[in-house]
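>>> below are the sequence and a predicted model for it; my questions follow.
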Amino acid sequence: MSKVTTLHEFIMNRQAEFPFATGELSRLLNDISTASKIVSRDVRRAGLFEDIIGAEGGVNVQGEEQQKLDVIADELFIKMFQYGGEVCGIGSEENDDYLPFDNEQSKKGKYVVLFDPLDGSSNIDVNVSIGTIFSIFRRKSDAGSTATMEDMLQKGSEQVAAGYVLYGSSTMLVYTTGHGVNGFTLDPSIGEFCLSHPDMKMPEKSRLYSMNEGNIDVCHPGIQNYVKYCQETDPSTGRPYSGRYIGSLVADFHRSLIKGGIYIYPGTEQNPNGKLRLMYECNPLAFIAEQSGGIATNGKERIMDISPSSLHQRVPYIVGSKEQVEQLMNCIQEADAQHVG
Ligand code: P6P
């Protein structure tokens, strides 16, 4: 049996590689790990306890019906950040505005965290995988002051760390600090995330594509042309690509990271900016994608180059294997040239 490396041990080893590291980011990552274990426990028992399954009765800023577990997870992560001492403020999918922490210790925190506490939560009642997504920035405002919206609205290229937790057939935590991507699987018997997927690389291509094709008739012609290409029988294999769409972003993204693929949530005539949120869905997964060899774009520019204008802004999202995203981008450019021509 090979040596078991826990997430805590991995984080501390990585910190040792950076002489100027002072430990704050390590402590923050460990706090996220702890909160994720608690959320995993609650997700796994959701079907057993009426008090945590089903709708909370509220509607969040997105206009989406809040699930009880959404609120439980949101409150848990906020408490973990507020009392961990490393975070001066947060932005959450479940909260209308950003939340600067007002206790003296938190005001000294170096970081802000943007997160979606439980993405895909409408899938809880049908026992489909869901996830937590997080994005960490260094604050721009002075230590000791109250966190500002400017601290929150930073380009994805400024992220110091990002990752996700997938509550699936097993619970996995996948993250990057800009030095590659590593995946950890929760071993419930010891209560530890253990290194299971070292140095993850997204395959450059695959025969998989992931899109809610209910949007196909109202999205960019270039995307329509790419999906048509995927659906054509390839003479070399005698079959088309396979469509795979779970309807839970973290699960669909994780499959692309492991097996390759392309995930498309386009702008449409009715919703030109699509559905997914830049700050706590698209940016963190874009960081993971790029660090593992993939690409993330809005169809025109690199996701992590987008200057954010609001906390919950939505962007069209195309993320996945390098060759597949490049091929789709070519389809978009060709369609635009024909439209102009
Ligand atoms: P649709 C879940 O609400 C979510 O934000 C993502 O997890 C998921 O990929 C997407 O929306 C599904 O959206 O419109 O296909 O139901």
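Thanks, I have the structure now.
>>> for Glu158, list the residues it contacts.
Glu158 sits next to Phe137, Arg138 when contact means Cβ atoms under 8 Å, 6 or more residues apart in numbering. Bear in mind the C-beta positions are built from the backbone N, C-alpha and C, glycine included.
>>> redo that, cut-off 6 Å
Residues near Glu158 by Cβ atoms under 6 Å, 6 or more residues apart in numbering: Phe137.
>>> how about Gln338?
With Cβ under 6 Å, 6+ apart, Gln338 has no contacts at all.
>>> please repeat the previous calculation with a cut-off of 10 Å.
Applying Cβ atoms under 10 Å, 6 or more residues apart in numbering, we find Gln338 in contact with Pro221, Gly222, Asn225.
>>> nearest to Thr146, of those residues?
The closest of the contacts of Gln338 to Thr146 turns out to be Gly222 (Cβ to Cβ; 44.7 Å).
>>> burial measure for Val160, as a count.
Residues contacting Val160 under the criterion other Cβ atoms under 10 Å number 16.
>>> go on, Gln105?
Gln105, neighbours per other Cβ under 10 Å, totals 13.
>>> contacts for the host helix or strand of it next, please.
Here Gln105 is covered by helix 104-107, with elements defined by DSSP states H and E. If you take Cβ under 10 Å, 6+ apart as the criterion, helix 104-107 is touched by 81-89, 100-101, 141-147.
>>> filter these down to the ones in helices?
Phe81, Gln82, Tyr83, Gly84 (DSSP state H).
>>> of the contacts of helix 104-107, list those near the ligand.
With Cβ under 6 Å from any ligand atom as the criterion, no member of the contacts of helix 104-107 is in contact with the ligand.
>>> out of those residues, list just those in strands.
Val87, Cys88, Gly89, Pro100 (DSSP state E).
>>> mind putting the residues you listed into TSV with distance to Leu76, pLDDT and neighbour count?
Below are the ones in strands among the contacts of helix 104-107 laid out as TSV (distance: Cβ to Cβ, whole Å; pLDDT from 0 to 100; neighbours: other Cβ atoms under 10 Å):
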residue	distance to Leu76	pLDDT	neighbour count
Val87	14	98	25
Cys88	19	98	29
Gly89	17	98	26
Pro100	19	98	19
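>>> sketch out the low-pLDDT regions of this structure for me.
1, 47-55, 57, 59-61, 63-67, 341 (pLDDT under 70).
>>> most neighbours among the ones in helices among the contacts of helix 104-107, which one is it?
Busiest of the ones in helices among the contacts of helix 104-107 [other Cβ under 10 Å] is Phe81, holding 28 neighbours.
>>> circling back: export the contacts of Gln338 to JSON lines and tack on neighbour count and distance to Glu323?
Output for those, formatted as JSON lines (neighbours: other Cβ atoms under 10 Å; distance: Cβ to Cβ, whole Å):
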{"residue": "Pro221", "neighbour count": "14", "distance to Glu323": "21"}
{"residue": "Gly222", "neighbour count": "22", "distance to Glu323": "16"}
{"residue": "Asn225", "neighbour count": "16", "distance to Glu323": "16"}
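>>> so which of those residues sit within helices?
Pro221, Gly222, Asn225.
>>> and Lys3, helix, strand or coil?
coil (DSSP: H, G, I helix; E, B strand; the rest coil).
>>> all set, thanks.
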